[in-house]
Every structure is written in C-alpha cells, then in structure tokens.
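A.B. asks: sequence first, then the predicted structure:
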Amino acid sequence: MRFCNLFILIAVLLSAAPSAQSAVYYIDYENGDDKAAGTSARKAWKHAPGDSNAQDKAKAVQLQAGDTVLFKGGVAYRGSIELAVSGAEGKRIRLDGNSEGKFGDGPAIMDGGTIINNWQKCKSKEDAKGNKLWKDIFYADVDLDISANFNHGQFVSHRQVPQDKMAPWQRVILCDGAKRLLPIAQYPKPKDNFYPDKPGDFQESPQRLSNNKAEGITTFADAENLKQDDAEFFEGMQIGVHGGNNHVYFASIKSFDPATKKFTLPIFKPKTYPKTKYALYNSPRLMSEKGEWAVEPIDGGKTRFYLLPDDLVKGKPSNIGFPVLQTCFKLKDGASHYEIDGFLIQRYSGGDGAVAIMRHSKRSKDVHVSNLEIRFLTGHAGIGPHHCDHIVIDNCYIHHCPGWTTAVFMNRVNDYKISNCFLIKNSGSGIRHYESKRGHIHDNEVLDHYGMHSSTLNMYEGCDDVLVENNFLNNIITINRNANKLVFRNNVVDSEGKSGINLAIWGSGRTGGRNVSNLLIENNTFINRNEANSWGASIFVQGKASKPTGMVVRNNVFDLIKPMSAEISGNVYIKQVDAKAMGEGSQVEGDYSKLFQAPDKEDYRRKKGSVLEDAGAKLGPPKRTWKRK
C-alpha cells in the first residue's frame, strides 16, 4: 500500500514538472547546418523552424510547448519566420535573440535586407539624368522588379496600400548600415528629411486640381514655381499632392507642358483644395544633398538605384542596403503562448512589420514581446497584434521606421499592456488602437511622431477600459468615433509648438457609432500647442463629434481649453480661458518659469509653492535612451 501511494505521489510530481520534451534549438545563420542536430551551439541550424528556406531537420521539427529557439548574438539572420503552432499555459514557446548573452555577442540580428556592392560612378552628365553633380553620383543595378510601383497609373495614399502600389521610395528604402535611413530625392527639400510627406514643406500652386474624367486625367499649372523649359525634365518623376481628409497622395507624372507650366497626372479622386500643395520626388535630377537617392525600373526586371553618397570607402559607397523581405516574425492561425525577446530587427519592407500576430477565427493569446530594437522598416507596424488577447509589449525601442509605419498597432486586442517602451521618430503614429479593450499603457516615451496624419497615441472605434498613465508624449492624442472608460493620468503631452491640439476628440467615420463616454483626464500636463492655430485647444472636441458624457477634467495643467461638455475643476491654465470653461477652483498662470522646475529641459514637474502645485503631472523629463533588460 505504501509503495502504491509513493508511486502515485511520484506520478503527480512528474506531471507537474516541466516536460522532458522541452528543447532548446540553436540557430547560427553564418555557420549552422540544417542537417545538424540543432540542440547545441556546436550543432546549430542555419535556419529557424518556420522559415520557408529551412531544410532537413530544421524544417522537420515541430515546436512543442516550452521549447526555445535561440538565435546567435551578433549574427545577421536573413529570413522571415511564420509559426502556426502553439505553446501552452505556463509553457510558452520562446524565440530568444540571445537575451542572456551566452550564445554569441550582443543581440541576434534579424535582417530582411541586402547590401548593394556593384556601385558604378556616373561617367557623364547623361548618366545622372543631367544633374550637374554627376561626377559625385553613383548608380547600381539590382535584381529587383518594382516596375508595378511606377506603372499602375493611379494616385495612391501615403499610407496602407498594397506593396505593388506603394510609392517607390516606400516600397524600397536605402539604409546606410546602422547609421541612418537615406532621404529620397525631393523638391522642395523638407525641413526634416525623415518626413518627406508634410504639406507644410510643399510648394503651392494657386490653382485647384482640375479633373477631366472623360480622359481620365488631372491637370494643374504653376507658373510661379515651375520654371523648367524642358518637357523631359520631369520624366520618370513622382508627385505628391495634398488632398482628401488631410492626406498626401503620390503618382507618376504623365507629362509637363513648358509653355503653360502645366502637369498632366492620373485622375485624382480624393477631395481637392482651392490651392494645390505638392512636392516632386524620386529623380536623380533632384539630388543635391549628400545621402539623397532615387530609384527607377530598367529592362530585364531590374531596378537602378542612384545615390549621392555621404562618404566613400575605397572610392565607392559602402554598406548601403535595402529590404528584400517583408515581415520578420509572424504568428498565424491562432498561434498562442509565445515569448519573443532580445532581437535587433531591421530592414523589412511592405509587409506586416517586425512582429505581427495575424487575425484568425481562433484568436491568438498570451504573447509577450520584450527587449526588441526595431528600426529601418516599412510595413503595417513595428509590432502589430491583430484580433488577439492577453498581449504584453515591454521595453521595446522602435525608431526610424518610414513609409507611414506605426510603432505599435493594437487592432481589436483585449487585455493588454504596453510599458517601458521608447518609441521615437516613426512616420506613422506612435501607439495606434482600433477597438481595443482592457489595456494599460504606462511608463513609455513616445516622441517625435510628426509624419503626415500621425499622432503620438490614438484610440479609435470603440476602445474601452484603457488606462494611460506616466507617459511622456509629443504631438497629439486622438480619440475617434466612440470610446468608453478611458483614463489619462499623470502624462505629459508636449506638442512642441507643432500641433494646435494636445488631445482631440474627432467625430469622423461610422464604425461603432460616435458615443464618447466616461473619460477621466486628471493630473496631466498638456502644453506647448502651436498658438498660431486659433481654433485649437489643449482638449478639442470636434463639432460633429458627439458631446462626451461622464467626462471629468481635473487637476491638470493646460495651455488653454474651451467650453465643452465636462465636469471641470482644479486646473491651471497658461492662457486666459472663457469663464464657461474655467471650472471650479481653477486658476491662470502664464509664466512657465513660475510653474515648472526646468521647462527649457523638458522638466515640467511643478515648482514647490507655485499656484495649485498638486495640479499637473509628476513626471520627469524624457530620458531619450534605451537598453535591454
């Protein structure tokens, strides 16, 4: 009997212990072999499970709950990983980018790009399309067919279009190694060449675009700015036009008439404006600053890059690359119970980004993403969970992703957390939401997201029960259509004089109605609006948006607010406000130096003894640095 009881006890303990089947698989793209065992550093595979290029044992293995796939640090892995298998509760499958530093040096590098090594110096002015700097310009022909991006004959939006219709410089991007993204050739030159699509940097024609639907063309003239007498000067160029609901649309130029200074373009279907703001793109004729480049399709399904390089190594550009792969990690078919940790991910284009959790009838769940650096990619988002539950994104650094790429996009996600992330200078929004519920967004720095139609944080189409606290944010928070039970607490929104609004409630769209209810905005500091925007405010409720119900605004520091449907009290205002918006116990203090500890150093903590010193955020200046845990 005792023996029987002992046997049962041992069986119970074994069933509770981690499975003996859990394995660690080693990946070394430089020196691995898919025929090897894969279970030790010396017998590593070249390819990871889930890579379509995997062969032999690396292809045959079926990942099990509790398994780890460990990538060698310091080694560039050139591939995409798609996984449909799941771990189990308490036994996640782990994709590890050398987080403990025991397999290689530094983080594993997931690299979707390739390096251009066949640069040739232009031998004549004609080689550079007539550019007077031809002696400094190089070109290279590569095996890449992007002709569809030139030949579709349409205007396309600056964001969220299929890969074969993207603007050519969004379909492919040039990177100077780990230094920087290189700017597309453009005229006029933008104030910040990371943002080539800002209408404020465009030139302006006094004419509205003119559509000829019978011929399927659009025309406009600009005699003041277009001085060219050569009709061929604009051949092969693209144009970006401001239109629609504050968007930019790109198309190839059909022709130019020097006599009338008139462009002929594909038909422009979005709304037009009385005056036409536009910019010219993507021709070696426009290259005048170091680092600028252009691209064109050539015969044989190839592509030619032109480059005015920053510097040369042995007489040629060095370490200049572009993406050839679309998505890095993709979880599909409801794949659940994963950890993705410790990677540097770069140079993917036109896909779903660095980490994507795809929509499926069986929702994915329990995915933790941490300690990633993501840079130099275009796609839907750096990290993009779709229609899934129980998602954690922690301590990630996402930066310099062009082509209207959002840093983090939460699409119909429930029960999630985004924390301790450093998101800076991505061309789309910082953190974007659609109908996401029960979230906690805290202790993040979301800075310099000033691309066209971008914001620092947006909450669209039915977001519910989300707490936003302890974040330092630039630009603008936007709430669109319908929302319920959103709490904004102890955040700084510093619009840096670039946006006329700190937090907006818009009414556009139809999905889910337009009811905004139960918003709590307390102990925040919303400042540095663009004062030239006379209709803006620190909190702006669009006229066609529904009046918020159950909205409480208390104990904040604001530049300015206007009358709105809310319970308002205890705020400090920089500007004098309408008496109807003042709120009980609120006061005005127009001197930053009297309110804040060091506003010139982004330190907006309140000074002791200042007016209503408990109002506003108790959040120090942004650190603007990041390191893996």
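C.D. replies: Arrived safely, thanks for sending.
A.B. asks: any idea what the residue most central in space within the chain is bridged to?
C.D. replies: By Cα atoms, centre = their mean, the chain has its centre lying nearest to residue 406, at 2.4 Å. Beta bridges link residue 406 to residue 381, judged by DSSP bridges.
A.B. asks: quick check: it touching residue 378?
C.D. replies: No - with contact defined as Cβ atoms under 8 Å, residue 406 and residue 378 do not form a contacting pair (10.8 Å). (Glycine included, C-beta is placed from N, CA and C.)
A.B. asks: how near is residue 448 to residue 375?
C.D. replies: The spacing between residue 448 and residue 375, counted by Cβ to Cβ, to the nearest Å, is 14 Å.
A.B. asks: in a helix, residue 170, correct?
C.D. replies: Yes - under DSSP: H, G, I helix; E, B strand; the rest coil, residue 170 sits within a helix.
A.B. asks: can you tell me the closest non-neighbouring residue to it?
C.D. replies: The shortest distance from residue 170 to any non-neighbouring residue, by Cβ to Cβ, 6 or more residues apart in numbering, is to residue 403 (3.8 Å).
A.B. asks: equivalent analysis for residue 617, please.
C.D. replies: Closest to residue 617 by Cβ to Cβ, 6+ apart is residue 525, at 4.4 Å.
A.B. asks: show me the shaky parts of the chain.
C.D. replies: When residues are selected by pLDDT under 70, those of the chain lie in 1-20, 508-513, 544-545.
A.B. asks: show me what stretch 299-317 is in contact with.
C.D. replies: 116, 119, 121, 128-129, 133, 136-147, 172, 174, 176, 182, 185, 284, 287-298, 318-320, 322 (Cβ atoms under 8 Å, 6 or more residues apart in numbering).
A.B. asks: now do it: distance to the chain's middle.
C.D. replies: 27 Å (Cα atoms, centre = their mean, to the nearest Å).
A.B. asks: in it, what's buried?
C.D. replies: 303, 305, 306, 307, 308, 309, 310, 316, 317 (16 or more other Cβ atoms under 10 Å).
A.B. asks: output it in CSV with nothing but the alpha carbons.
C.D. replies: The C-alpha trace of stretch 299-317 is given here as CSV (Å, rounded to 0.1, in the frame of the first residue of the first chain):
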residue,chain,number,x,y,z
ASP,A,299,14.8,46.4,-68.6
GLY,A,300,15.1,42.8,-67.6
GLY,A,301,13.0,43.1,-64.4
LYS,A,302,15.8,45.0,-62.7
THR,A,303,16.0,48.3,-60.7
ARG,A,304,18.6,51.0,-60.8
PHE,A,305,19.5,53.0,-57.7
TYR,A,306,21.1,56.4,-57.9
LEU,A,307,23.0,57.7,-54.9
LEU,A,308,24.8,60.9,-53.9
PRO,A,309,26.8,59.3,-51.1
ASP,A,310,27.8,60.7,-47.7
ASP,A,311,31.2,59.2,-48.0
LEU,A,312,33.2,56.6,-49.8
VAL,A,313,35.3,53.5,-48.9
LYS,A,314,37.9,52.7,-51.4
GLY,A,315,36.3,55.0,-53.9
LYS,A,316,32.7,53.6,-53.6
PRO,A,317,29.7,53.8,-51.4
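A.B. asks: tell me how far residue 498 lies from residue 123.
C.D. replies: Residue 498 is 44 Å from residue 123, by Cβ to Cβ.
A.B. asks: with residue 87 instead?
C.D. replies: 58 Å.
A.B. asks: which one of these two has more residues nearby?
C.D. replies: Between residue 87 and residue 123, residue 87 has the larger neighbour count (other Cβ atoms under 10 Å), namely 22 against 10.
A.B. asks: these two touch, right, the more buried one and residue 340?
C.D. replies: No - with contact defined as Cβ under 8 Å, residue 87 does not reach residue 340; the gap is 11.9 Å.
A.B. asks: next, count neighbours for residue 214.
C.D. replies: 6.
A.B. asks: using the three-state scheme, assign it.
C.D. replies: coil.
A.B. asks: for residue 539, give me its contacts.
C.D. replies: Contacts of residue 539 by Cβ under 8 Å, 6+ apart are 501, 502, 503, 504, 505, 521, 526, 553, 558, 561, 564.
A.B. asks: between these, which is closest to residue 599?
C.D. replies: residue 526 (13.6 Å; Cβ to Cβ).
A.B. asks: the closest residue to that closest one other than its chain neighbours: how many residues sit nearby?
C.D. replies: The shortest distance from residue 526 to any non-neighbouring residue, by Cβ to Cβ, 6+ apart, is to residue 502 (3.6 Å). For residue 502, the count of nearby residues is 31 (other Cβ under 10 Å).
A.B. asks: next: the one 5 residues further on.
C.D. replies: Counted with other Cβ under 10 Å, the neighbours of residue 507 add up to 16.
A.B. asks: equivalent analysis for residue 597, please.
C.D. replies: Residue 597, neighbours per other Cβ under 10 Å, totals 15.
A.B. asks: ok, the helix or strand containing it: who's next to it in the sheet?
C.D. replies: Assessed by DSSP states H and E, residue 597 sits inside strand 596-598. Applying DSSP bridges, strand 596-598 is found paired with strand 603-606 (antiparallel).
A.B. asks: any idea how far residue 66 is from residue 79?
C.D. replies: Counting by Cβ to Cβ, the gap from residue 79 to residue 66 is 24 Å.
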